[in-house]
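Chemist: When you get a sec, could you give me coordinates for this:
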Amino acid sequence: MKQYPITLSGFCQYITRRSGKELPADHKMGDRLVCSEYSLSDREIKNHPLPNGERIFALCWNMTSDSSIHATLCPSPTPFRYHRPFASGERTQLHTHSYIELAYVAEGELRQRILGKDIVFSAGELCLIDKNCLHQDCLVNTPSTILFLGISNDMFTEIMDENITTHKIIAFLQAALMEAKDIQQFLHFRPGPDAREEMESCLLLLLRELYERNIGYRYICKGLLLRIFRIMSTKYEFSLSREQRRTMNWIIFEEVTSYIQRNYSHVTIQDLVREFHFQEDYFNRLIRNCTNMTYSAYLQQIRLEHAERMLLGTDKTIDEIVQSIGYQNKGYFYKIFREKYGMTPAEYRKKEDSSHN
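Modeler: The predicted structure is shown next:
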């Protein structure tokens, strides 16, 4: 069994420098891998380069201090590599994609001009670019290793739909990048603690599967891509416009509320921290901004609403209701119930029963 480098950067460098046949510098595939700027106004549309069965591909770049770039594309029936010199600061042609692009900086940095703005992505960071977003890449003479993943639109939609644990958060990415057809945009992801090691482990496995193309690799790649987006959604932070951030906060609030509703009898704020990977202060701010209530007051309201429904819709005793909504102190429950409804639970049940007779 062939031994490959054990790091993502090392494997990218291996397949761009030593794997397969080297193409001539003027080979037409070179423009597919690194298309130099030939016009200030023309816009190139890059289509998915592989047959329909290949719904994800990887483009590896390795830029060196002697102003040369090594590149390859996989999967490919026959491994190949491409190499040519460049002038530092040279840009690729302005382009968009017919697919979603996810770029990861394994080493060094990636400089891009996106929608006319120059942005630098550092090692460990990702850039997710939608298929309408006009951009170009800058070639630099500092050692840098970049992995670009091209993801077909149907594959991207399937990945979003299958990530159930953070469905609404992931759905935001789908809406932001796929459904707003008239809005060109991108998302810049920065890693949290320990995120980079986990991300690079998944990306390395994915790249090896795409490179080796063993039986079942398409299914394995989809599973790995699912893991990658899971890591992105839970262990990375991403930059948003003010409007996008408001939307994101409401999506997270709805997901937090749904979780609390499912677990209201025993949920704690520490449970929210473990489930959604935010700090305690974040949940207090989020709930206050969306409801003008503290976390404790909001949880109390939800519990009382469930108690009200059980009083009216079940034959449970008040003691059973107190236990089922998570209170151990019956006296405290009577106190907060009276404050909200102006009467005891028994009086409330009797009043509602009489109103329906």
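
Chemist: Check which residues of stretch 12-21 are buried.
Modeler: Neighbour counts over stretch 12-21 (16 or more other CB atoms under 10 Å) mark C12, Q13, Y14, I15, T16, S19, G20 as buried. (Each C-beta comes from the backbone N, C-alpha and C, glycine too.)

Chemist: Between the two ends of it, what distance do you get?
Modeler: Using CA to CA, to the nearest Å, the end-to-end distance of stretch 12-21 comes out at 16 Å.

Chemist: before we move on, the earlier item: columns secondary structure, pLDDT and distance to D66 on top of the buried residues of stretch 12-21, output as JSON lines?
Modeler: Below are the buried residues of stretch 12-21 laid out as JSON lines (DSSP: H, G, I helix; E, B strand; the rest coil; pLDDT from 0 to 100; distance: CB to CB, whole Å):
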{"residue": "C12", "secondary structure": "helix", "pLDDT": "96", "distance to D66": "18"}
{"residue": "Q13", "secondary structure": "helix", "pLDDT": "95", "distance to D66": "14"}
{"residue": "Y14", "secondary structure": "helix", "pLDDT": "94", "distance to D66": "19"}
{"residue": "I15", "secondary structure": "helix", "pLDDT": "94", "distance to D66": "20"}
{"residue": "T16", "secondary structure": "helix", "pLDDT": "95", "distance to D66": "15"}
{"residue": "S19", "secondary structure": "coil", "pLDDT": "84", "distance to D66": "20"}
{"residue": "G20", "secondary structure": "coil", "pLDDT": "85", "distance to D66": "22"}
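
Chemist: ok, these vs E125, which is closest?
Modeler: Relative to E125, the closest of these is C12; by CB to CB it sits at 15.8 Å.

Chemist: how about stretch 228-243: buried residues?
Modeler: So stretch 228-243, judged by 16+ other CB under 10 Å, has buried residues I228, F229, R230, I231, M232, S233, T234, K235, Y236, F238, L240.

Chemist: taking those residues one by one, which sit in helices?
Modeler: Members of the buried residues of stretch 228-243 lying in helices (criterion: DSSP state H): I228, F229, R230, I231, M232, S233, T234, K235.

Chemist: Tell me where the stretch 201-350 of the chain has strands.
Modeler: 236-238 (DSSP state E, counting those that start in this stretch).

Chemist: now the helices for it?
Modeler: Secondary structure of the stretch 201-350 of the chain by DSSP state H, counting those that start in this stretch: the helices cover 217-235, 242-262, 269-276, 280-291, 295-313, 318-324, 330-341, 345-355.

Chemist: Out of those helices, which is closest to V140?
Modeler: So among those, helix 217-235 is nearest, using CB to CB, at 25.1 Å.

Chemist: could you point out where the protein is predicted with low confidence?
Modeler: 1-2, 163-184, 352-357 (pLDDT under 70).

Chemist: domain parsing for it?
Modeler: The chain is divided into the following domains under automatic domain parsing: 8-238, 242-292, 297-355.

Chemist: For these, state which one has the densest average packing.
Modeler: Highest mean neighbour count among those (mean count of other CB atoms under 10 Å): domain 8-238, with a mean of 17.

Chemist: on that earlier part again, in a markdown table, list the buried residues of stretch 228-243 along with distance to L115.
Modeler: Shown next, in a markdown table, are these (distance: CB to CB, whole Å):
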| residue | distance to L115 |
| --- | --- |
| I228 | 25 |
| F229 | 23 |
| R230 | 28 |
| I231 | 26 |
| M232 | 21 |
| S233 | 24 |
| T234 | 28 |
| K235 | 27 |
| Y236 | 21 |
| F238 | 16 |
| L240 | 15 |
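
Chemist: any idea which of those is closest to G116?
Modeler: L240 (18.8 Å).
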